[in-house]
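*Asks:* okay, predicted coordinates and the sequence, questions at the end:
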Amino acid sequence: DLHKEYRRQRQMCIRDRTMGEKREYRRRRRPPEDMELQQRQVRRRQTQEPHRQPRRHRSVQEEQPYIDPRRVAQGRRMSRRKAERKKRRRRNILVVILLLLLLVAAYAGAKIWVAVQQWENKAEKSDFTTSDTTDPEEDEIINVAVFGTDEDGVRADVNMVASFNTGTKELHFISVPRDSKVIMTKEMTDYLESKNAYVPEQNGVYGQCKLTELHAYAGENNRCAFSVAMLEEILGMKMDYYVKVDLSAFRQIVDAVGGVDFNVEERLYYVDPYQDLYIDLYPGMQHLDGDKAEQLVRFRDGYVQKDLKRIEVQQQFIQALIEKVCSSDTLMRNLNDLVKVALDCTESNISVSEALKYVKYVKALDPAKITSDTVPYLGNPGRYVELDEDGIKELVNERIYGIAPQSSTEEQEENQFNESNQEGNQLNEDV
């Protein structure tokens, strides 16, 4: 029947094909006598027609081979199963990778959340309140009180205000000397009396002390509140936030940005084992790390103007530090270290959500628009620094609010009047 005939012909085809393969294998294995003979054989094979196959082979080749449908279906099922296994394996790998990423993200998020909560909880929980007698808060102006304290955080050796104008992108630093003579407000003395705390008295003036001492007299959980209230009283401007940085945080911030290049003007040498203070710097441009930067900003006994000169050097260093931080390379390369130091070593009443709103202004800072000033004072500073209230008001109006001093306005008007008179006289002479 047809099935038997097909099987017989198929076996003959397999036999002929096997014999042909054997002949081709022997032909290839037969070594040529020389290179020329081998080349002739190649040319002959390329030009001559293929050998005629036997008639029975030609007839079988023309027929379609029999394909078992069951084997075809089985092969298709196996292919589908193999493809499904590959898809399942890839899906499982992706699921594992996503789970790992989610675990890492959850761990990092939890760690950041804990750090943020710890940072926000470090802010003072003060119950001291003052009556708001300052100017209303400006939307475009952000005033931040900055305090630099010693290791124990009791005395504030650095008292300054950083005022940033979001419209003009100007940043102004106004420093108040640590030895400035201040008198506690009635709210402060009443609060200390209600807590049975000590109220200082100097030269018969109740509540008189130095600005740096006010931070200590305020007591725990009220130090920054008292200092902020006193800065508002001195400068006549409302403080939006405060930032407190101790010496350890200062060193770590400088190290986090990779140090700062600074020109030391003179030889600085001072040793105080009681404060564990060793200062030894030579003049000239040099790269200051955290330890050397601390020596620079703490030195004052060798200066003629003592603390006033130290404030000037501190302002110059802070400006150099800001220029280093605001550079794109430094900011992106050291962003993680800066955030870690800020969360671990500083104290502030600004929340993280509020701080993130102002991050966009960091890259907008222009060093040419940064100014540093010290509040005016009267006479030669001695044990106390007598502050000039009128001069302070003019300084704040000029730097923060852009209002020129009255004397400068009168001088400009007088100069314009003289110039117009000179032009009129010249015109009359020409006529």
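*Replies:* Yep, it's here. Numbers count the residues shown, from 1 in each chain.
*Asks:* I'd like the average pLDDT over stretch 313-320.
*Replies:* Averaging pLDDT along stretch 313-320 yields 90.
*Asks:* pLDDT weak spots in the stretch 251-400 of the chain?
*Replies:* Low-confidence segments of the stretch 251-400 of the chain (pLDDT under 70): 328-332, 334-335.
*Asks:* show me where it has its helices.
*Replies:* Counting by DSSP state H, counting those that start in this stretch, one finds helices in the stretch 251-400 of the chain at the ranges 290-298, 307-326, 328-333, 335-345, 352-358, 389-399.
*Asks:* quick one: the last one to chain centroid distance?
*Replies:* Between the mean C-alpha location of helix 389-399 and the chain-wide mean there is a distance of 33 Å, by CA atoms, centre = their mean, to the nearest Å.
*Asks:* just the fifth one next, same as before
*Replies:* With CA atoms, centre = their mean as the basis, helix 352-358 stands 13 Å off its chain's centre.
*Asks:* ok, now the longest one?
*Replies:* Taking CA atoms, centre = their mean, the mean C-alpha location of helix 307-326 is offset from the chain mean by 19 Å.
*Asks:* that one to helix 290-298, inter-axis angle?
*Replies:* Angle between the axes of helix 307-326 and helix 290-298 is 140 degrees (criterion: axes from the mean of the first three to the mean of the last three CA atoms, to 10 degrees).
*Asks:* helices or strands up against helix 307-326?
*Replies:* Using 3 or more CB pairs under 8 Å, 6 or more residues apart in numbering; DSSP states H and E, the elements in contact with helix 307-326 are strand 170-175, strand 260-264, helix 290-298, strand 370-374. Just so you know, the C-beta spots here come from the backbone N, C-alpha and C atoms, and that holds for glycine as well.
*Asks:* save those as JSON lines, and put in mean neighbour count too.
*Replies:* Below are the helices and strands packed on helix 307-326 laid out as JSON lines (neighbours: other CB atoms under 10 Å):
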{"stretch": "strand 170-175", "mean neighbour count": "21"}
{"stretch": "strand 260-264", "mean neighbour count": "16"}
{"stretch": "helix 290-298", "mean neighbour count": "19"}
{"stretch": "strand 370-374", "mean neighbour count": "18"}
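*Asks:* where does the stretch 101-250 of the chain dip in pLDDT?
*Replies:* Using pLDDT under 70, the stretch 101-250 of the chain drops low at 108, 111-122, 131-139.
*Asks:* same thing but at 50, please
*Replies:* Scanning the stretch 101-250 of the chain for pLDDT under 50 picks out the ranges 133-138.
*Asks:* show me where it has its strands.
*Replies:* For the stretch 101-250 of the chain, the strands defined by DSSP state E, counting those that start in this stretch occupy 141-149, 156-165, 170-175, 181-183, 201-202, 205-206, 208-210, 241-246.
*Asks:* does A293 touch I253 like I think?
*Replies:* No: the criterion here is CB atoms under 8 Å, and A293 misses it with I253 at 9.0 Å.
*Asks:* how much space separates K340 from A249?
*Replies:* Distance, K340 to A249, using CB to CB, to the nearest Å: 11 Å.
*Asks:* which of the two has more residues huddled nearby?
*Replies:* A249 (20 against 13; other CB atoms under 10 Å).
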